[in-house]
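> Sequence plus the predicted model coming up.
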Amino acid sequence: MTAAPALSVAGLTVAFGGIVAVNDVTLDLPVGARHALIGPNGAGKTTFVNLLTGTLKPTAGTIRIGDEDVTRLDTRSRVKRGLTRTFQINTLFAGLTPLEAVSLAIAERDDLAGIWWRRLGGFPAVRDEAEALLSSLRLIEHARVPTGELAYGKQRLLEIALALAAKPRILLLDEPAAGIPAGESREVFEVVDALPDDISVLFIEHDMQLVFRFARRIVVLTSGSVLAEGTPDEIRRNDDVRAAYLGSTHV
Amino acid sequence: MPLTLPRRGLFALEILFWIALAASFFVFPDRLYLLTQILIAALFAVSLDIALGYAGILTLGHAVFFGMGAYAAGLLAKAGWAEPLTGLALAFVLCGLVAYALSVMIVRAGELTQLMVTIAVGAIVVEIANQATPITGGSDGLQGISMWPVLGAFDFDLWGKTAFVYTFVVVLALFIVVRRMLQSPYGLALKGIHGNRKRMYALGSPVEGRLRFAYAASAAIAGVAGALLAQTTEFVGLDTLSIDRSAAVLIILVLGGTGRLYGGIVGAIVYMVVHDFFADLSPEFWMFWLGLFLMAIVMIGSGGILGGLSRLVRSERS
């Protein structure tokens, strides 16, 4: 008997009016996974992530974290169970510095952010952890600059830093390198690649070179349904995928 | 390039600021009534800043809590217990609890809905106070309040010396508490919610709970400001609850600068002094001149007086 997957989804469906955005998706994310979720624009990838985090409620289907059914739990409860995400479009605190933002994420994780009677400076462990995390992402020299003034690529790294501050067991990355020049996007994925093995990662990405370089398994979504799932080699050879999604481009 | 101020310099400035405020007692001994009014307006504006500037809750009904605190303190005194500190405590607890109950409607609403709800609650409360004449005195106001001495030792005198010192100490004490709150992990969470609520949900923050607490704290302090007014003037009028007063405190805060801790205090000083100056200069047209002055300030740029200063001087970031 093998251990339960970190995340398992069965028959997940959501419809908005008559439009079925995600249709009967069944998927397991094993512990330590490096799954890529690919598909054309409008395939329902981000909607799928929003279902996993609890931002959207499914029409049908179940979501399990480990052995626990979390389908009816809100976002906060899922974060507390180790599921966190990043956003395709930067969703940061423009007025806070990276050090403040990561400290806030850590304080929320440890349920310290309700404490109003003690100075933030009175929690050296929070600051030390925030600095260590920023160092590991090579953001430490920008730690005291307001986020709004950071270069775009650094902001993308901060997206990941905020998700990592929650100490996730499952990390959902929605196009982590979106908008970054090709040469620099590798830096973002090297961060992802260096994550410890007990974190299970599902990432959405359009750049096929990055997908085939960093994913161990690939899930192809079209029109809300899973078209294919397999190793990069299997996906590369899959005729349906070539026809429906990759077209004639060489990968 | 703005001048950068070391953190220690900023703290020294704060100390100087409060010493200057205290010194006004000796510099303007014949203006103690106005100075006390300024301190009360400042505390009220600081309380609004917690809700508006930090938590990002739009309200045009904050005078509800100011007035509720005033009536609570006034009625307690008339009922036979005229000990000042008890009156403040009653206003604090009552306004905090009422606001916490109301906050369910407010924290989930959009900005325009928040405005509507807070205006509506204000209208209802004013009408209740107006109709409950046997208790509140209706449009004549609550009269015949006579406070006991502060701490059993300091009588409220005709020159307003005790009133000023009492108000100054209470305002400073509450300001220190607010300052600490805004520098705490909770204060950072409020900035986070105001800055990007979507991310706060993604971080697992109980956003609604955090906002409800902020609204209650803000209202509790507004209530104390109202109670101070009732105790130092020994009168409570319906205008303490009015939308005019809600609007005035909003103007004071925006004038000084929202979300900047000292914005409410600086705004109150400038607004009240200018108000007083124009009222002396031109008793009939003072509102015209005050309006012109406020428009001139807005033309200078966003962020109020402190926002303008922050473009010239910056402090080191933590």
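Yes, it's here. All values derive from a computational prediction rather than experimental measurement.

> Spell out the residue ranges of the strands in the chain.
Reading this off chain A. Applying DSSP state E to chain A gives strands spanning A:7-16, A:19-29, A:34-38, A:60-65, A:68-69, A:83-85, A:170-174, A:200-204, A:217-222, A:225-230.

> right idea, wrong chain: chain B
Counting by DSSP E, the strands of chain B are B:3-5, B:313-315.

> Low-confidence regions, the chain specifically.
Chain wasn't specified; assuming chain A. Applying pLDDT under 70 to chain A flags the ranges A:1-2, A:245-251.

> think we crossed wires, I meant chain B
B:1-3, B:315-318.

> The residue of it at minimum distance from chain A - how many residues pack around it?
Per Cβ to the nearest Cβ, B:G204 is where chain B lies closest to chain A, at 3.1 Å. (Each C-beta comes from the backbone N, C-alpha and C, glycine too.) Using other Cβ atoms under 10 Å in any protein chain shown, B:G204 has 23 neighbouring residues.

> isn't it right up against A:V79?
Yes - with contact defined as Cβ atoms under 8 Å, B:G204 reaches A:V79; the gap is 3.1 Å.

> Now list whatever residues contact both of those two.
Jointly contacting B:G204 and A:V79 under the rule Cβ atoms under 8 Å, 6 or more residues apart in numbering or on different chains are A:A166.

> Burial-wise, tell me which of the strands of chain A comes out on top.
Using mean count of other Cβ atoms under 10 Å in any protein chain shown, the stretch among the strands of chain A with the largest mean neighbour count is strand A:83-85, at a mean of 26.

> Sheet partners, orientation included, of that one?
Within its sheet, and counting by DSSP bridges, strand A:83-85 is paired with strand A:170-174 (parallel).

> pull the CA atoms of the strand it pairs with into PDB?
C-alpha atoms of strand A:170-174 as PDB (Å, rounded to 0.1, in the frame of the first residue of the first chain):
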ATOM      1  CA  ILE A 170       1.300  21.600  -1.800                       C
ATOM      2  CA  LEU A 171       2.300  24.600  -3.900                       C
ATOM      3  CA  LEU A 172       0.300  25.800  -6.800                       C
ATOM      4  CA  LEU A 173       2.200  28.100  -9.200                       C
ATOM      5  CA  ASP A 174       0.100  30.000 -11.700                       C
END
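
> now that strand against strand A:34-38, angle please.
Between the axes of strand A:170-174 and strand A:34-38, defined by axes from the mean of the first three to the mean of the last three Cα atoms, to 10 degrees, the angle is 30 degrees.

> Could you give the residue of chain A that lies closest to chain B?
For chain A, Cβ to the nearest Cβ, closest residue to chain B: A:V79, 3.1 Å.

> neighbours around that residue, how many?
For A:V79, using other Cβ under 10 Å, the count is 24.

> Next: A:A113.
Residues within reach of A:A113, counting by other Cβ under 10 Å, total 29.

> Make sure it is actually in contact with B:K191.
No - the pair A:A113 / B:K191 is not scored as a contact, 10.9 Å apart, by Cβ under 8 Å.

> Around chain A, which positions in the stretch 51-200 of chain B sit nearby?
B:180-181, B:183-189, B:191-192, B:195-196, B:198-200 (Cβ under 8 Å from any Cβ of the partner chain).

> any idea how far A:S135 lies from A:L92?
19 Å (Cβ to Cβ, to the nearest Å).

> With neighbour numbers in mind, choose between those two.
Using other Cβ under 10 Å as the criterion, A:S135 and A:L92 rank with A:L92 on top: 22 against 12.

> show me what contacts the more buried one?
A:101, A:147, A:155, A:158-159, A:162, B:196, B:199.

> Show me where the stretch 201-318 of chain B has its helices.
Counting by DSSP state H, counting those that start in this stretch, the stretch 201-318 of chain B has helices at residues B:207-233, B:243-256, B:263-281, B:286-300, B:304-312.

> again, but for the stretch 101-250 of chain A
Using DSSP H, counting those that start in this stretch, helices in the stretch 101-250 of chain A cover A:124-136, A:152-165, A:182-193, A:208-214, A:232-237, A:239-241.

> Deepest-packed of the ones you listed, please.
Of those, helix A:152-165 is the most buried (mean count of other Cβ under 10 Å), at a mean of 21.

> Quick one: residues contacting the residue of chain B closest to chain A.
A:75-76, A:79-80, A:84, A:108-109, A:166.

> just those now: which is nearest B:A247?
A:E108 (35.4 Å; Cβ to Cβ).

> Wait, the closest one touches B:G209, no?
No - contact between A:E108 and B:G209 fails when scored by Cβ under 8 Å: they sit 11.9 Å apart.

> Can you report how many residues neighbour B:D280?
Counted with other Cβ under 10 Å, B:D280 comes out at 9.

> Out of the helices of the stretch 201-318 of chain B, the one nearest A:I140 is which?
A:I140 lies closest, by Cβ to Cβ, to one member of these: helix B:304-312, at 26.0 Å.

> What is the closest one packed up against?
For helix B:304-312, the packing partners by 3 or more Cβ pairs under 8 Å, 6 or more residues apart in numbering or on different chains; DSSP states H and E come out as helix B:243-256, helix B:263-281, helix B:286-300.

> from the middle of its chain, how far away would the shortest one be?
For helix B:243-256, the distance from its own C-alpha centre to the chain's C-alpha centre is 9 Å (Cα atoms, centre = their mean, to the nearest Å).

> Just the CA trace of it, in CSV.
Taking Å, rounded to 0.1, in the frame of the first residue of the first chain, the C-alpha atoms of helix B:243-256 are listed here in CSV:
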residue,chain,number,x,y,z
ILE,B,243,-23.5,63.5,9.7
ASP,B,244,-22.0,67.0,9.7
ARG,B,245,-19.6,65.9,12.4
SER,B,246,-18.8,62.7,10.6
ALA,B,247,-18.0,64.7,7.5
ALA,B,248,-15.9,67.2,9.5
VAL,B,249,-13.8,64.5,11.1
LEU,B,250,-13.3,62.9,7.6
ILE,B,251,-12.1,66.3,6.3
ILE,B,252,-9.7,66.7,9.3
LEU,B,253,-8.2,63.3,8.6
VAL,B,254,-7.9,63.7,4.9
LEU,B,255,-6.4,67.2,5.5
GLY,B,256,-3.8,65.8,7.8
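
> packing partners for that helix?
Checking 3+ Cβ pairs under 8 Å, 6+ apart, helix B:243-256 ends up next to helix B:32-49, helix B:63-78, helix B:111-131, helix B:263-281, helix B:286-300, helix B:304-312.

> among these, which is the most enclosed?
Most buried of these, by mean neighbour count (mean count of other Cβ under 10 Å): helix B:63-78, with a mean of 28.

> what packs against it?
Packed next to helix B:63-78, using 3+ Cβ pairs under 8 Å, 6+ apart, are helix B:84-107, helix B:111-131, helix B:133-136, helix B:207-233, helix B:243-256.

> Now do the buried residues in the third one.
Same thing as helix B:133-136. Under the neighbour-count criterion of 16 or more other Cβ atoms under 10 Å in any protein chain shown, helix B:133-136 has B:T136 buried.

> for the first one, same thing?
Neighbour counts over helix B:84-107 (16+ other Cβ under 10 Å) mark B:84, B:87-92, B:94-96, B:98-100, B:102-103, B:106-107 as buried.

> Could you give the number of residues near B:A79?
Around B:A79 there are 8 other residues, counting by other Cβ under 10 Å.

> I am finished for the moment; much appreciated.
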